[in-house]
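1. Mind looking at a prediction? Sequence and model below.
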Amino acid sequence: MKTLKFLTLATLILLGNLTSSFAQKEDASKPTIIFVHGVWADGTSWSNQIATLQAKGYPVTSVQNPITSMADDVAATKRAISIAKGKVILVGHSWG
């Protein structure tokens, strides 16, 4: 069960990272938008919003919270913010 959980988490993290790397043409003057998912969800729950904003030139990513502890989830969000270039708009829902 641990292996399945690990593989699922690794896949979600990869998908989240790929989402931000396939942006159309990112406009450097636009802020990076970072989505943080809520409980019982993952970063793919923002896929419609991500696609719409990327089509408009926004750099967008979604955090994949490990949901192992609040501290780990906060650390994942802080990492995403530290990687972003320029200003950041942080969007969260529920736990996010």
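-> Nice, I can see it. Residues are numbered from 1 along each chain as shown.
2. alpha carbons only for contacts and neighbour counts from here, please
-> OK.
3. Now do the helices in the protein.
-> Listed in chain order, the helices of the chain (DSSP state H) span 2-21, 47-55, 70-83.
4. for the shortest one, packing partners?
-> The reference is to helix 47-55. strand 60-63 (3 or more C-alpha pairs under 8 Å, 6 or more residues apart in numbering; DSSP states H and E).
5. center of the protein, which residue is that?
-> Closest residue to the average C-alpha location of the chain: Ser62 at 1.2 Å, with C-alpha atoms, centre = their mean.
6. Which residue comes closest to that one once chain neighbours are left out?
-> Phe35 (4.5 Å; C-alpha to C-alpha, 6 or more residues apart in numbering).
7. Is that neighbour in contact with Thr61, as I believe?
-> Yes. Phe35 is within contact range of Thr61, at 6.3 Å (criterion: C-alpha atoms under 8 Å).
8. since we're on the residue nearest to Ser62, how many residues are nearby?
-> Neighbours of Phe35 under the rule other C-alpha atoms under 10 Å: 26.
9. hang on, isn't Asn65 packed against Ala71?
-> No. Applying C-alpha under 8 Å as the test, Asn65 and Ala71 come out as separate, 10.2 Å apart.
10. Of those two, which one has the most company?
-> Asn65 (26 against 10).
11. residues contacting that one?
-> Val36, His37, Asp42, Gly43, Asp72, Asp73, Ala76, Thr77 (C-alpha atoms under 8 Å, 6 or more residues apart in numbering).
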